[in-house]
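> the sequence and its predicted three-dimensional model are supplied below.
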Amino acid sequence: MEIERGEGTGSVSVEVGPAHVNPNGVVHGAVAFAMMDTAMGAAVSSLLTDGRQCATVEIQTRYHRPVLSGTIRATAEVVTAGRRLMHVEARTVDDDDRLVASATSTYAVFESR
C-alpha cells in the first residue's frame with residue numbers, strides 16, 4: 001500500500017491480489033473501506049502540524065461497482081476543518097477511473113498526550 005499526503009488531501013493505492021478478494025473472487029468491501037479511512041486520516045493529519053492527533057468518529061460508505069483485478073486508488077479531501085472536528089470525503093476508483101466506492105467521514109481532533 002502506497003500512501004501520499006498533500007495539504008488537506010490523502011491517497012492510497014493497492015494492487016489487487018489474492019489476499020484482497022472474498023470467496024466470490026471480488027475485492028472485499030473492507031479493502032475499499034480501509035483504503036478510504038487511511039486516505040482520509042492522511043488528509044486530516046496533513047493539516048495537524050501542531051502536534052494534535054485525529055481519530056475517526058464515523059464513516060458512511062457506499063459501494064458502486066465490483067473490482068476483480070488491477071489497481072485501486074482511494075483519494076480523500078478535507079471538506080471542512082474545525083478546531084475539534086473535520087469532515088472529509090473520499091472516492092475509490094479502478095484502473096479505468098470508474099467509481100468503485102465513496103465515503104464521507106467525521107474525524108475528531110484532539111491534543112496528544
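Done, it's in. Note that this is a predicted model, so its numbers are computed, not measured.

> before we move on, what SS does the residue nearest to the spatial centre of the chain have?
Central residue of the chain (CA atoms, centre = their mean): Met36, 1.6 Å from the mean position. For Met36, the secondary structure call by DSSP: H, G, I helix; E, B strand; the rest coil comes out as helix.

> what about the closest residue to it other than its chain neighbours, neighbour count?
Spatially, and ignoring its direct neighbours in sequence, Met36 is nearest to Ala90 (4.0 Å; CB to CB, 6 or more residues apart in numbering). Quick note: C-beta positions are derived from backbone N, CA and C, even for glycine. Neighbouring residues of Ala90 were enumerated by other CB atoms under 10 Å; the total is 27.

> list the buried residues for the helix or strand encompassing Ala90?
Element membership of Ala90, judged by DSSP states H and E, is strand 85-93. By neighbour count, and taking 16 or more other CB atoms under 10 Å as the criterion, the buried residues in strand 85-93 are Met86, His87, Val88, Glu89, Ala90, Arg91, Thr92, Val93.
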